[in-house]
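1. Sequence first, then the predicted structure:
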Amino acid sequence: MKIGITCYPTYGGSGVVATELGIELANRGHDIHFISYAQPFRLSGREERIHFHEVPVSNYPLFEFPPYSLALATRMSEVAEYYDLDLLHVHYAIPHSVSAMLARQMLARSGRRLPFVTTLHGTDITLVGADRAYLPITRYAIDESDGVTAISDYLRRKTVETFSTTRPIHVITNFVNCDVYLRDPEASATVRAQYAEPEEAVLVHLSNFRPVKRIQDAIGIFAGVAKEMPARLLMVGDGPERSSAEWLAKSLKISDRVHFLGKHDQVNHLLPAADLMLMPSELESFGLAALEAMACEVPTIGTNVGGVPELIQNGVTGLLFPVGDVDAMAQAAVGLLRDRDRLKEMARAGRQEAQRTYCATRVIPKYEEFYESILRSSGN
Ligand code: GMT
């Protein structure tokens, strides 16, 4: 198939999933065309069967806000025509599904059919989409999509509840490449030695440091751990909450043990160096960072919100707590780090679950089948 993919190219779960999906589909022989304002950060630009088409957004003094959605719709229709795309797959409803809808309409005038699939990721529904300014158009574009997927059953239910959409929503979860995300003891010992002494526990947090991630709670949990045992915290990512988290680490006098590493495009090298992942989010529709950690045999201490309990079986593959219960999360982390057998058992169970349910080899065929069903029903 020839598939156009649109996503936010910067750091964030939806862009990561879209990019990894494109890479996996290309490895399976499909031609993939990314259409966005910048090349997705996990792409090197040298992958076979993957092409990138930049959306130029010209400005004009009259425009206080340059209309990216229109430039995107134009580029989508041009790329679809020139490269004879079978379908478009847009990640994150706003504004991508609206642009895809316009591109489809533009091509329909010349008798060409271009179906599009929308994948809902989370904040496009729970935060931005639910804003009255965007709700009606988000609902319209979801219903107008030829196919809709959501990354968890929670998000599927939430979408129907918030938007009263009528288009059926198919759940296809996030995935991980289990051959890339894994614990190689030698390699992880080398990375670990860069940040910690052998007797120190290593905790990790990975996100885009937005308010919904509650990264101050990650610092608070770590402070509770650091009181009890020698430990380090690796903060991977960047975003608007970073400076307040740095300030908190300083005022709690743990800044020498909290390492802000910034954005990394190869987190598969970092994650296996950790003993525990912290994901104290206010909300997660899925929790891709926890899945990547699970695949690397790193259990998560997280919050019992959104789609997280679908991914993490509390007490078996991780431990879940109410949002904001920093003390309970800190105590649980200390308990696990002291009980190495239990920690190991959880790590093993997490890896098994990642392999059994979330490996790219299991999830990508679901996308392929979904595309085929869309092409069949749209008569292509
Ligand atoms: O929260 C993020 O990391 C960004 C956000 C996005 O859409 O870019 O992530 C959402 O999509 C991820 C990939 O599908 C999910 O794993 C995250 O749980 C989800 N985030 C939220 O729901 C807050």
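-> Thanks, I have the structure now. Predicted, not measured: the structure shown is a model, and the values here were computed from it.

2. C-alpha from now on. contacts and neighbour counts both.
-> Noted.

3. What residues are recorded as beta-bridge partners of H51?
-> For H51, the beta-bridge partners under DSSP bridges are H33.

4. Could you point out the helix or strand that follows the worst-scoring helix or strand of the chain on mean pLDDT?
-> In the chain, no helix or strand scores lower on mean pLDDT, DSSP states H and E than helix 123-126, which sits at a mean of 87. Next in sequence after helix 123-126, counting helices and strands by DSSP states H and E, comes helix 135-144.

5. name the helices or strands packed onto that following helix?
-> When contacts are defined as 3 or more C-alpha pairs under 8 Å, 6 or more residues apart in numbering; DSSP states H and E, helix 135-144 packs onto helix 96-108.

6. and the next helix or strand after the helix it packs on, C-alpha only, in PDB?
-> Using DSSP H and E, the helix or strand that follows helix 96-108 towards the C-terminus is strand 116-120. The C-alpha trace of strand 116-120 is given here as PDB (Å, rounded to 0.1, in the frame of the first residue of the first chain):
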ATOM      1  CA  PHE A 116      -8.500   8.700   5.600                       C
ATOM      2  CA  VAL A 117      -8.100   7.000   8.900                       C
ATOM      3  CA  THR A 118      -7.900   9.100  12.100                       C
ATOM      4  CA  THR A 119      -6.100   7.800  15.200                       C
ATOM      5  CA  LEU A 120      -7.100   9.400  18.500                       C
END
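
7. tell me what strand 116-120 is packed against?
-> strand 87-91, helix 96-108, strand 147-150.

8. Any part of that strand near the ligand?
-> No: for strand 116-120 and the ligand, the contact criterion (C-alpha under 6 Å from any ligand atom) is not met; the two come no nearer than 7.6 Å.

9. Now do that strand: distance to the chain's middle.
-> Relative to the centre of its chain, strand 116-120 is centred 15 Å away, using C-alpha atoms, centre = their mean, to the nearest Å.

10. quick one: contacts of it?
-> 87-93, 97, 100-101, 104, 142, 145-151, 155, 371 (C-alpha atoms under 8 Å, 6 or more residues apart in numbering).

11. again, only this time at 7 Å
-> Strand 116-120 is contacted from outside by 87-93, 97, 100, 145-151, using C-alpha atoms under 7 Å, 6 or more residues apart in numbering.

12. Which of the residues you listed has the largest number of neighbours?
-> Highest neighbour count within these: A100, with 33 neighbours (other C-alpha atoms under 10 Å).

13. for that one, what are its contacts?
-> Going by C-alpha under 7 Å, 6+ apart, A100 touches A73, F116.

14. Distance of it relative to S44?
-> For A100, the distance to S44 equals 25 Å [C-alpha to C-alpha, to the nearest Å].

15. wait, is L319 part of a helix?
-> No: applying DSSP: H, G, I helix; E, B strand; the rest coil, one finds L319 to be strand, outside a helix.

16. Would you enumerate the residues in contact with it?
-> If a contact means C-alpha under 7 Å, 6+ apart, then L319 has T300, I301, G302 as its contacts.

17. Which secondary structure element is home to the nearest residue to I125 once chain neighbours are set aside?
-> Spatial nearest neighbour of I125, excluding adjacent residues (C-alpha to C-alpha, 6 or more residues apart in numbering): T159 at 6.3 Å. Here T159 sits within helix 153-163, counting by DSSP H and E.

18. Can you list the helices and strands that that helix packs against?
-> The contact analysis (3 or more C-alpha pairs under 7 Å, 6 or more residues apart in numbering; DSSP states H and E) places helix 153-163 against strand 169-171.
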